[in-house]
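# Here you go, sequence then predicted model.
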Amino acid sequence: MSRFAVVLAGCGVFDGSEVHEAVSTLISIKKYGCDYVCFSLDKPQFHVINHQIQQPVENESRNIIIESARISRGEIKPLDEYRPEDFDALIFPGGFGVAKNFFSFAIHGPDCEIDNDIKNAILKTHAAGKCIGAMCISTALIARAFKDTNIKPKVTGGKENELFEAIQFMGGESIPCDAKNCCIDQENKIFTTPAYISATDIYEVFQGVDSLISAINNALAK
């Protein structure tokens, strides 16, 4: 049975992980008879958003791993316990929490900094020859992780848009892809899908995520 490590950035599209993408990931992993363990960062999130009015909440602080546990039903580990040798793939759902809590893309664009624990998890997974999957804004996170290396990952930012261009600025190669499919970088074992960068509804998100998980399973079976 293949094992997936799924890294969550909180709970909610505007300040954490995008819930549709995260849940679609977990369902798809189980659909193919695989198992998963959720991980997150044990630190305060960048800020808290009231999702009803889509505005920041003043004087409120929340912890990323505690918020992520809302999605994983409590079963979640701090990312510093992640070991690539224990898993077959490392997966990052999207959401603005990724662009605020994992790297500073939401604030600084392609000149962003990346959290060291996130960067190390990605680079160590790649060095171990394991698969990496990402969706939505997390595709740019993958590009940023490899920015100061000699590796140029092929990832998708959907069709041509600001994210598409930012990925290239950070040293990645942007590959056009629609929401129902995934982009495969066979050399680097990196699998990406646009999700809500391009998707217009939850089912399109699931189709793209399912395509990504299916592609990883096919690669693991070879």
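Arrived safely, thanks for sending.

# element containing the residue nearest to Pro176 when sequence neighbours are not counted, please.
Leaving aside its chain neighbours, Pro176 sits nearest to Lys159 (5.4 Å; criterion: C-beta to C-beta, 6 or more residues apart in numbering). No exception for glycine: its C-beta is placed from N, CA and C like everyone else's. Assignment of secondary structure by DSSP states H and E places Lys159 within no helix or strand.

# count of residues packed around Lys159?
Residues lying near Lys159 (other C-beta atoms under 10 Å) number 15.

# what does Met1 give?
By the criterion of other C-beta under 10 Å, Met1 has 7 neighbours.

# so it sits right up against Gly33, yeah?
Yes - counting by C-beta atoms under 8 Å, Met1 does reach Gly33; the two are 6.6 Å apart.

# Give me the secondary structure label for the residue sitting furthest away from the middle of the chain.
Within the chain, Asn59 marks the point farthest from the mean C-alpha position, 27.9 Å out by C-alpha atoms, centre = their mean. Put simply, Asn59 is coil when judged by DSSP: H, G, I helix; E, B strand; the rest coil.

# can I get the CA coordinates of stretch 37-54 in CSV?
These are the backbone C-alpha positions of stretch 37-54, laid out as CSV (Å, rounded to 0.1, in the frame of the first residue of the first chain):
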residue,chain,number,x,y,z
VAL,A,37,-0.7,11.0,7.1
CYS,A,38,-1.4,14.7,7.4
PHE,A,39,1.4,17.1,8.5
SER,A,40,1.5,20.8,9.2
LEU,A,41,3.7,23.6,10.7
ASP,A,42,3.3,24.1,14.4
LYS,A,43,3.4,27.9,14.5
PRO,A,44,1.0,30.9,14.2
GLN,A,45,-0.6,31.5,10.8
PHE,A,46,0.0,34.8,9.0
HIS,A,47,-3.4,36.2,10.0
VAL,A,48,-7.0,35.1,10.4
ILE,A,49,-9.7,35.8,7.8
ASN,A,50,-13.5,36.0,8.4
HIS,A,51,-14.5,33.9,5.4
GLN,A,52,-18.0,35.2,5.3
ILE,A,53,-17.0,38.8,4.6
GLN,A,54,-13.4,37.9,3.4
